[in-house]
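Chemist: Here's a sequence, model it:
(chains A and B, ligands or ions: 2)
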Amino acid sequence: MELQSPSRALLEADNLTKRYEDGQLALDHVNFAVAAGEIYAMLGGNGAGKTTTINLFLNFIEPTEGEARVDGIVTHRDPLAAKKKLAYVSENVMLYPNFTALQNLDFFARLGGRTDYSKDAYRDVLLRVGLQEEAHGRRLKGFSKGMRQKCGIAIAILKDAPAILLDEPTSGLDPKAAYEFIGLLDSLRGEGKAILMSTHDIFRARDVANTIGIMNQGKLVMQRSKQDLAGEDLEKVYVEYMAGYMDRETETV
Amino acid sequence: MFATLVEKELKSILLSPKFVATFAVCTVLILLSVFVGIREYKASIAEYETASQLSEQAVRSATSWWGVSPRVFRKPNPMQIFSAGVNNDIGRLSDISTWTDVKLRQSSYSDNTLFALFRFIDFAFIVQLVLSLFAILFTYDAINGERESGTLKLSFSNAVPRGTFVLSKFVGAWLGLTIPLLIPILLAVLLAMVMGVPMTGVEWSKLAMLIGVSVLYFTFFVMLGLLVSSLTKRSATSFLVLLVIWVCLVLIIPRAATMAAGQLVEVPSVAEVESQKDRFRTDRWDAFGKRRSEAWRERMAGAEGMSQDDRRDFMDNNREKWAQEDDESRQLMEQEIAENSRVVDEELRNRKAEQEQVAFRLARMSPASAYQLAATNLAGTNTSLKARYEDAMKAYRTAYAAFIADKRAEEQRKAREESSRNRSGMRITFGGGGDSPVDSSEMPRFEEPDQSFASALEPSLADLGLLGAFTVLCFAGAFIAFLRYDVR
Ligand SMILES: Nc1ncnc2c1ncn2[C@@H]1O[C@H](COP(=O)(O)OP(=O)(O)OP(=O)(O)O)[C@@H](O)[C@H]1O
Ligand SMILES: [Mg+2]
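Modeler: Ligands and ions are numbered 1, 2, ... in the order given. Now for the predicted structure:
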């Protein structure tokens, strides 16, 4: 048995590069690592490459160069083994509209290899993500975006995988739910999960993340730990980095 | 995992609101069509029985074989309930006589042209049009719909092999759509049993086979839906594409193939053929008339210069010989005419068969045509039904002609004996040979054409194979397309 050291890197991007078929360089030699019990927040403007990074970890697309590793497994070499260790919440969760919340949860839990859950477990996790009990037996097609998002988060929790990928998980959540979600993330970190999250919410990122990375046009332009950022105005840093990167870009052109 | 995926697929089909509505429509349509089909069948069977009895009675009450002119009827076949094919287009009866050809006449559609315009809706029609549409309606978004709803991404964030996933789609969609459809089909079969349709073992096996072919045809459209769904990113696109394909396969190709065959292989019209036969017949009769007057002139020349009494004796002595000569000559001519009609008919038939083969070969590009051909072959209501009956009727006519010629000769002989006994100089009379009715039990009986299971299955094997091949191709295509499908 490998030693469960808290600093072990579960998610690693190693020179991760993606050029799409149309020639768009979406990701340019990105390097980072997320250890167990750590939250890594990716910030960056629209089209910066956050979703691309997450898709590479899930092997939805193959890297042009470099590799993404999950617990040491190179995802595009052995995607099935890697995915066993990954839970995922996509931006804009839709799920099966004709299934109830419980049916959706049950299906995806089984697909994740968890056949041992009881109905109570589903109920508990739905309550934990803040979905009222009256909604549990309702079909998803009547759900609001935020309610669906909660179900998506519940599904990721149920899989109980060591690493969690979250693509803008708080989009669509009301302020209360978003606030509670931060508490949820904190407790998941407490359970030793490695969490990679893309978000546009600078303040929540600052509150909860151990490390913050800022991406711009496919490059990781800044990466600093929470301690490192203490006392600084993250919003200012963000804007500065985006602008600074822009300046440098224009200089080289 | 496979079971989980199949279960999900089944649930998502059965729980979808469109399922209940579509399923109800299909059930009603199938049951209604079979119900109406059974009633039509029963009506035609009753009509068949009455008409056959009347015809038999007419034969039985005849007092001379000269007055006998039987009719044979096409016996309605229970399989026509499920696949009417050309059953309503072709005649129900033919007169059998020595001087006219066998010709099926009085079809249902000629009796009631309203039906000819709108046709009957039978089970095969519902499968061909409605169920194929049903299959498309439920599979057009099977893959790309899941991409659009993001469930494909979420599913593949788990350790799910793509092959397993796509196989579960096939199995789930197939089970979820086929099993419910078997319910109305079995109910329809039950209806046939309850309403007392006299089905023999052969017909049950034909029906079972027809249901099997229908399921295969339906499977093809399920696979087609999956194929197109896994080749497109958006469900709106795949729906449109499938609709276009459906229209081409079901509505355009079968008709276009027939039209193309009509252009490629020319077949003389019935009127042309009839006039050709008529011309030949008139020619021969004219020639025969001339020959006979010639013969009479010669015969009379033999009596030149005889006295009245000698002439009568000469006539009396030769009458029989001449009659025989004339008869032989006439028979020879009739044989020639018959032979000519046979040749002309055969040629027409060959041309038609050639045209049909071309049409079928072209039409089989579409599984809808292959299904229709297989269904009508199995039901025995295919395009060769008319030829099969006419062949059987012609065989009967030959047997009947031989029989009746014997009987008539016998009658004639008796009449002549009588007349010579009476020495009344009475001419040989046709008909009214005696006062007692003829013994109709001696008459040859009409035998229905071969309707064995093998004879129905054999011509449908090619179409079965084609349907299978189309289905496997779609399946393989969908499988491969999905292996490289972008789940995002
Ligand atoms: N399938 C694709 N083909 C071509 N280019 C793509 C494709 N997907 C994404 N891109 C491009 O890659 C770049 C990064 O996109 P990505 O979705 O990773 O951004 P993002 O950081 O998630 O943005 P957002 O905050 O808007 O979600 C963009 O410029 C986008 O246009
Ligand atoms: Mg994104």
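
Chemist: Correct me if wrong: B:Y217 contacts B:L129.
Modeler: No - with contact defined as Cβ atoms under 8 Å, B:Y217 does not reach B:L129; the gap is 11.0 Å. In this view, the C-beta of every residue, glycine as well, is placed from N, C-alpha and C.

Chemist: more crowded one of the two?
Modeler: B:Y217 (27 against 16; other Cβ atoms under 10 Å in any protein chain shown).

Chemist: Does the more buried one lie in a helix or a strand, and which?
Modeler: Taking DSSP states H and E as the criterion, B:Y217 maps to helix B:201-231.

Chemist: With B:I136 instead?
Modeler: helix B:132-139.

Chemist: pLDDT of that helix, averaged?
Modeler: Averaged across helix B:132-139, pLDDT comes to 92.

Chemist: Please name the residues that touch B:S460.
Modeler: If you count contacts by Cβ atoms under 8 Å, 6 or more residues apart in numbering or on different chains, B:S460 has them with B:209, B:213, B:373-374, B:377-378.

Chemist: elements contacting the helix holding B:I136?
Modeler: helix B:17-61, helix B:162-194, helix B:201-231, helix B:235-246 (3 or more Cβ pairs under 8 Å, 6 or more residues apart in numbering or on different chains; DSSP states H and E).

Chemist: How about residues contacting the shortest one?
Modeler: For helix B:235-246, contacts defined as Cβ under 8 Å, 6+ apart pick out B:132-133, B:136, B:140-141, B:144-145, B:148, B:221, B:224-225, B:228-229, B:231-232.

Chemist: tell me which residues of it are tucked away?
Modeler: If you call a residue buried by 16 or more other Cβ atoms under 10 Å in any protein chain shown, then helix B:235-246 has these buried ones: B:235, B:238-239, B:242, B:245-246.

Chemist: Take these and lay them out in TSV including distance to B:V34 and pLDDT.
Modeler: Converted to TSV, those look like this (distance: Cβ to Cβ, whole Å; pLDDT from 0 to 100):
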residue	distance to B:V34	pLDDT
B:S235	34	94
B:S238	33	96
B:F239	31	96
B:L242	28	96
B:I245	29	96
B:W246	24	96
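
Chemist: which one of these is nearest chain A?
Modeler: B:S235 (12.9 Å; Cβ to the nearest Cβ).

Chemist: Skipping adjacent residues, who's closest to that closest one in space?
Modeler: B:D141 (3.7 Å; Cβ to Cβ, 6 or more residues apart in numbering or on different chains).

Chemist: For that neighbour, give me its contacts.
Modeler: By Cβ under 8 Å, 6+ apart, the contact set of B:D141 is B:148, B:229, B:235, B:238-239.

Chemist: Kindly state the pLDDT recorded for the residue nearest the centre of chain A?
Modeler: Per Cα atoms, centre = their mean, the C-alpha nearest to the average position across chain A is that of A:L166, at 1.9 Å. Confidence at A:L166, expressed as pLDDT, is 94.

Chemist: do the same with B:L117
Modeler: At B:L117, pLDDT is 63.

Chemist: ok so, going back, please list which of the contacts of B:D141 are also close to ligand 1.
Modeler: When Cβ under 6 Å from any ligand atom is applied, no member of the contacts of B:D141 is adjacent to ligand 1.

Chemist: Helix or strand for B:E347, just tell me which one.
Modeler: Element membership of B:E347, judged by DSSP H and E, is helix B:308-363.

Chemist: Check which element follows that helix along the chain.
Modeler: In N-to-C order, the element after helix B:308-363 by DSSP H and E is helix B:367-379.
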